[in-house]
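Q: Fold the following and give me the result.
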Amino acid sequence: MHLHRLTTYLPFRTALSFSALVGIMVVELSMVLPAFAERNTLSSEPSAADQAQAMAEALQGKAYQDGATVRQNYAEAARLYRRSASKGLALGQYYLGFLYVAGLGVPQDYVEAARWLGAAGEQGDADAQVLLGVLHYNGQGVERNYEQALHWFHLAAGQGRPHAQYSLGMMYSMGQGVPADDATAVSWYQAAAAQRHPAASHNLGLKLFQGRGIEKDAEAALRLFRQSAELGVAESQYVLGHLYLTGEEVSANLTEALHWSRLAAAQGHSGGQVSLGLMYARGEGVTQNGMEAVRWFRAAAEQGDARGELNLAMAHWMGLGIPRDLIEAYLWASLSAAKGNEEGKELQTAIRQEMTPAQIAKAQRLAKVFKAYTPSSLPQSKPKRSWSASH
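A: Numbers count the residues shown, from 1 in each chain. A predicted model of the protein is given here:
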């Protein structure tokens with residue numbers, strides 16, 4: 001076996017180009033409604049009696065929402081929130097808008113969500129302002145409008161909401177609705193990361209590692225990557241695994257590399273899966289196991305990861321943990337090559353020299369099918385948060 005032929009670890013800056021966490025999704029927000037006592041809840045218009053009744057209804061709705069003291073019933077929560085919201089209580093308006101966003105107890109309806117959240121946001125409700133920013137950013141229930149998203153995020157960020165602060169950091173970093181400004185992005189990321197916002201911690205770590213908008217500080221970057229990794233961000237888990245594996249800016253540590261790569265791989269992160277596969281293939285930090293290596297290479301390859309495809313092709317070519325199969329090897333090498341991977345092109349040429357015309361034709365037919373159904377390669381965190389990996 002020529003294990004040295006397995007693809008080398010990509011340099012960190014190459015592997016993580018365009019790996020800041022971006023995208024502002026409603027599903028990122030906590031599904032637990034905040035405590036009513038922490039919020040500015042009362043409109044100045046309703047009478048004292050109406051205010052008291054509205055608050056009582058909101059609290060009853062919260063009880064049905066939580067299911068702690070009564071049987072959980074989202075429909076009943078929505079009914080009570082609607083009565084509270086109709087009396088002008090910002091708390092009830094926010095909660096009702098939230099249920100419309102989440103589709104809990106009511107059909108998911110972003111237009112209705114925007115209406116009730118707008119009423120609460122105008123009264124100064126910070127959580128409603130965060131969601132209004134999200135809806136305007138994504139064009140959900142309203143026309144997509146970055147300026148309006150920035151408006152609501154600024155209001156919520158001024159009240160200390162970390163998701164709004166992260167969102168502002170991302171928009172300034174991306175130049176969405178404002179000129180791109182790394183320094184301003186860093187300041188907002190810092191505010192959110194100080195509150196342990198997972199994506200802000202990762203993005204601030206990346207800025208520090210690359211020296212963008214702030215002086216390069218690899219040690220501080222590693223602390224932030226660890227913070228976000230411990231909060232479950234797969235991209236950060238992959239980064240830590242990669243760094244400990246390659247020994248870039250940190251002493252190589254195979255135990256740490258294995259730990260973080262496993263966590264990232266278990267979340268479906270293709271980069272983590274490739275790293276873990278390489279460790280099994282080479283016996284680094286684990287007992288060498290070709291079948292496990294192939295398992296993880298295949299998991300990454302089936303997501304369209306060019307590195308996963310390349311290593312899976314190599315495994316089929318060499319017979320690593322599986323019978324040698326030139327057709328499968330050529331198939332995966334061609335898929336990797338099609339994404340511009342130079343190593344994939346070189347491997348494709350080498351395998352082709354050992355194949356018959358019939359084998360080549362079959363592999364090419366299979367490749368066409370796979371190209372039609374295999375997703376593009378993106379090193380991203382999948383199940384827990386809906387941040388995409390880009391810019």
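
Q: and the nearest residue to residue 173 once chain neighbours are set aside, what element?
A: Distances taken as C-beta to C-beta, 6 or more residues apart in numbering place residue 185 nearest to residue 173, at 3.9 Å, with adjacent residues excluded. For every residue, glycine as well, the C-beta is placed using N, CA and C. Using DSSP states H and E, residue 185 sits within helix 182-193.

Q: Could you pull up the mean pLDDT of that helix?
A: In this model, helix 182-193 has a mean pLDDT of 98.

Q: so how far is residue 347 from the nearest residue to residue 71 once chain neighbours are set aside?
A: In space, and not counting its chain neighbours, residue 71 is closest to residue 64: 8.0 Å by C-beta to C-beta, 6+ apart. Residue 64 sits at a distance of 59 Å from residue 347 (criterion: C-beta to C-beta, to the nearest Å).

Q: Those two: which has the busier surroundings?
A: Each of residue 64 and residue 347 has its neighbours counted (other C-beta atoms under 10 Å); residue 347 has more, 26 against 22.

Q: Can you give me every residue that contacts the more buried one?
A: 310, 313, 314, 317, 329, 333, 336, 337 (C-beta atoms under 8 Å, 6 or more residues apart in numbering).

Q: nearest spatial neighbour of the last one, skipping sequence neighbours?
A: The spatially closest residue to residue 337, leaving aside those adjacent along the chain, is residue 344, at 3.7 Å (C-beta to C-beta, 6+ apart).

Q: and the one you found, how many neighbours?
A: 24.

Q: Check residue 68 too.
A: As a burial measure, residue 68 scores 9 neighbours (other C-beta under 10 Å).

Q: Could you do residue 76 as well?
A: 17.

Q: go on, the one 5 residues further on?
A: For residue 81, the neighbour count with other C-beta under 10 Å is 34.

Q: Residue 314 now?
A: Count around residue 314 with other C-beta under 10 Å applied: 26.

Q: my guess is it meets residue 322, correct?
A: No - with contacts counted by C-beta atoms under 8 Å, residue 314 stays clear of residue 322, the gap being 11.3 Å.

Q: Enumerate every residue touching residue 334.
A: Applying C-beta under 8 Å, 6+ apart, one finds that residue 334 lies in contact with 344, 348, 363, 364, 367.

Q: swap in residue 292?
A: Shown in contact with residue 292 (C-beta under 8 Å, 6+ apart): 277, 280, 286, 321.

Q: Pull the most distant pair out of these.
A: Greatest spatial distance among the contacts of residue 292 (C-beta to C-beta): 286 and 321, at 13.4 Å.

Q: Look at those two and report which has more neighbours.
A: Neighbours were counted for residue 286 and for residue 321 using other C-beta under 10 Å; residue 321 has more, 19 against 16.

Q: Check the spacing between the more buried one and residue 139 real quick.
A: Distance from residue 321 to residue 139, counting by C-beta to C-beta: 47 Å.

Q: contacting residues for the spatially closest residue to residue 240 that is not a sequence neighbour?
A: Nearest non-adjacent residue to residue 240, counting by C-beta to C-beta, 6+ apart: residue 260, 4.1 Å away. When contacts are counted by C-beta under 8 Å, 6+ apart, residue 260 is found next to 229, 237, 238, 240, 241, 244, 272.
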